[in-house]
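Participant: A predicted structure for the sequence below; I have some questions about it.
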Amino acid sequence: MQIHVNPSFRDSTSTEDWEHALITGNGRQGALCYGSPAALRFTLAHEGLFQPVTEPLPAPPTAAALPRLREFIATSRFSDAAQEVCDLAVSSQPGYAETRWQDPLIPAGTLVFTPDYNRSADYVRGTDFTTGVVRQSWGGVVCDTFVSRPDDVVVIRVAGCGGTISLGLADGDPERPIDAVVDTVADGLVLTGRFPGVTWAALEGWSVAVRFTRTQEGVLIVARVAPGLRSPASAFAALPDGGFDGLLRKHAAVHGDLFGRTRLDLGGDAVERLFDAGRYAIISSTGTRPPTLQGVWSGSYSPPWRSGWTVDGNLQAALLAVHSTGTPELMPPLFDLIDSMIDDFRANASDLYGMPGIVVPAHLGTHGRHNHFGPIWCLTFWTAGAAWLARLFVDHWQFTGSESFLQERALPFLREVASFYSGFVEIVDGRARFSPSYSPENHPAGAESQACFDATMDMQVLGDLLRTLVRFDDSARWRELLSALPPYRVNADGELAEWLDPAFGDRHSHRHCSHFFPFWYAGDPAFSDFSLHTAAVRAVRARLRWWLSSESDEMGYGLALVGAAAAHLGLGSEAYAALKRIEASYWRPNLVPTHNRDHMFNVDLAGGLPGLVVAMLLQSSDDGVPRVRVLPALPKAWPSGSVSGLVARGPIGVDLSWGPELATVVLRSEIDRRVELVVPGGRVEVVHLQAGAPLSLSFPVAG
């Protein structure tokens, strides 16, 4: 059976800029497809190809100075506290005299096909999201490219012309020298790259093996990027045999299964295509590791923020819709990444604070040591990273129902995170205090430093963690710590405050919104209080006003998170306004999102936008009995529509369809269970699901 390629979109833009390329990938390898009929370019990358640039150092030895740091913060000497960390770091390691970044994800090389037939007037390109095939065509010439998941190779077929093939390093200047040589091997080429002068890293180099076969129709190219050094002959010999159609059939079956699990129909709203494009990018860039800031694609030796994993919001946004759109197998790569760095996280907790447990830094790459911070960006004061990641462990259990995952991976991780807080958190007069503290990456209104105490997020993530732990552990220390957590604060404007102490004023003109954490996941029972719910609504609206103004430009995924918070609070029109601003400002014609408006290739929003759409249509929690909210923030712009293949915590499969007056939900469960179904207007219906038997219910759209 031949697979037909039907591009999900078409665009006539030819470009020499890799940031405007079309993308295809299998999570382990990625290909940027660009150029023109004069020369087609394919810049290849691999999830493991981080160039050793900066030697990792132990985290600063600030544990002994913790009482002094806390005294600085208690007396409002916030800048002094941040500077003290920097001074101690330099005294222990001179390398801390300059800001230290993680190693960059770099391109493996660029393959160039120069056609012998060049007629660019009718050039068209597009990507088939269902198969992962990028198509470029002109004048009867068709070039199809995909990256096979089963065979782990880049496959390129050019039909309608012949041409020449070259292979070399990508354009640009590496931050450290790279030695590269290209060998001719049989019917192909092998690029071998080496990192000379590096003594601290295990990765010595990589290879790009390319085989090309000339046929009556044109040319077939098969390529593979492989970290590590091997002989050119062995790298070439490892390429699989097989024709284009056979390789595509195997790949399309796997990729198509992942992509096809959720289908969205919004009556032609342009958001449908971005929903698909976002899911496609996340699926295509999740391999043995989760997507980096640029997925699994790299066209630069110095990508923004080194294209690592940023866990104070970016990575979580990229993964926001993985569970709810029915692709839970894309989440374990995150847990594997965490496991691979757990010893570094433990060392961070010990070196920084003298505590057991773990501290996860905001930036991860080839290691998990806390190396990136400064006097302004005082990131060592952010302790919430591990507890935020703990929510993703809990979600994986609740979205899959895997008891083995709960017992073997989730609960051990949660306990280790909680053990840090049991030592770090001070309880004064029965109230937990967080000092030092940090609300990413904001500072209070009028303040000169981001250093602070009692950021609202610290209390939120710890409370979320402890509420899960006390369900399974009969531990007095978890219960005591949970009962000591301070209440939320409402500021003078009636808004949910970003800091718990009234000394800190809110600053809404900011790309982050970390105190909205509960509204991206299962919520917080505290917001059943009407006054607190109202304060959250006001805070979301205040932050959204800035985002929708002409002043905002940064970090499109931050707008998706504000929109998701609005949806969680039932604000359909506000969530839709966020969605439309994202659509208008943060997606290029290649259907890859950007970090800022039309600036910086970035995939965080590729997960954030689908997460926002799902939050408008379905929300869930599971505190023993799953609670499923359907159409909680349906905007007037979607009078009719449908979505199939969604998943709620439980796990519960959910299909939805609606018209102007009536909606229908179909619920599925693999076990017999009771479910609380919340329909528009807040009415709760208790339904009983039988294993494997779909249950269909209809209800009015207007509550």
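Facilitator: The structure has been received and is ready for your questions.

Participant: how close does the residue positioned nearest the centre of the chain sit to residue 293?
Facilitator: In the chain, the C-alpha closest to the average C-alpha coordinate belongs to residue 318, at a distance of 2.1 Å (C-alpha atoms, centre = their mean). Taking C-beta to C-beta, to the nearest Å as the criterion, residue 318 is separated from residue 293 by 8 Å. In short, each C-beta sits where N, CA and C put it, glycine included.

Participant: helix/strand/coil for the spatially closest residue to residue 450 that is not a sequence neighbour?
Facilitator: For residue 450, ignoring the flanking residues on the chain, the nearest one in space by C-beta to C-beta, 6 or more residues apart in numbering is residue 443 at 4.4 Å. At residue 443, secondary structure determined by DSSP: H, G, I helix; E, B strand; the rest coil is coil.

Participant: please work out how many residues are found near residue 443.
Facilitator: Counted with other C-beta atoms under 10 Å, the burial measure for residue 443 works out to 21 neighbours.

Participant: show me what contacts it?
Facilitator: Residues near residue 443 by C-beta atoms under 8 Å, 6 or more residues apart in numbering: 449, 450, 452, 507.

Participant: same check, this time on residue 394
Facilitator: Shown in contact with residue 394 (C-beta under 8 Å, 6+ apart): 410, 414, 464, 468.

Participant: before we move on, what about residue 658?
Facilitator: 631, 634, 640, 641, 642, 664, 701.

Participant: farthest pair in those?
Facilitator: 634 and 664 (13.7 Å; C-beta to C-beta).

Participant: which element, helix or strand, includes the closest residue to residue 72 other than its chain neighbours?
Facilitator: Nearest in space to residue 72, with sequence neighbours left out and distances taken as C-beta to C-beta, 6+ apart, is residue 81 at 3.9 Å. With secondary structure defined by DSSP states H and E, residue 81 is part of helix 78-92.

Participant: and if you look at residue 343?
Facilitator: With elements taken from DSSP H and E, the one containing residue 343 is helix 342-348.

Participant: for that helix, packing partners?
Facilitator: Counting contacts by 3 or more C-beta pairs under 8 Å, 6 or more residues apart in numbering; DSSP states H and E, there are no secondary-structure elements packed against helix 342-348.

Participant: model confidence over that helix, on average?
Facilitator: Taken as a whole, helix 342-348 has a mean pLDDT of 98.

Participant: follow-up on the earlier one: and the residue nearest to residue 72, how many residues sit next to it?
Facilitator: Other residues near residue 81 come to 27 when the count uses other C-beta under 10 Å.

Participant: what's the answer for the one 4 residues further on, then?
Facilitator: Number of residues near residue 85 (other C-beta under 10 Å) recorded here: 25.

Participant: what sits in contact with each of residue 318 and residue 293?
Facilitator: Common neighbours of residue 318 and residue 293, using C-beta under 8 Å, 6+ apart, are 603, 604.

Participant: am I right that residue 686 is in a strand?
Facilitator: Yes - assigned with three-state DSSP, residue 686 falls within a strand.

Participant: distance-wise, check it relative to residue 360.
Facilitator: Spatial separation of residue 686 from residue 360 under the definition C-beta to C-beta is 39 Å.

Participant: how close does the nearest residue to residue 201 once chain neighbours are set aside sit to residue 195?
Facilitator: Excluding its sequence neighbours, the residue lying closest to residue 201 (C-beta to C-beta, 6+ apart) is residue 52, at 3.6 Å. Taken as C-beta to C-beta, the spacing of residue 52 relative to residue 195 amounts to 5 Å.

Participant: then residue 39?
Facilitator: Shown here: residue 39 relative to residue 195, a distance of 29 Å by C-beta to C-beta.

Participant: quick one: contacts for the residue of the chain positioned farthest from its centre?
Facilitator: Within the chain, residue 216 marks the point farthest from the mean C-alpha position, 43.3 Å out by C-alpha atoms, centre = their mean. For residue 216, no contacting residues are found, by C-beta under 8 Å, 6+ apart.
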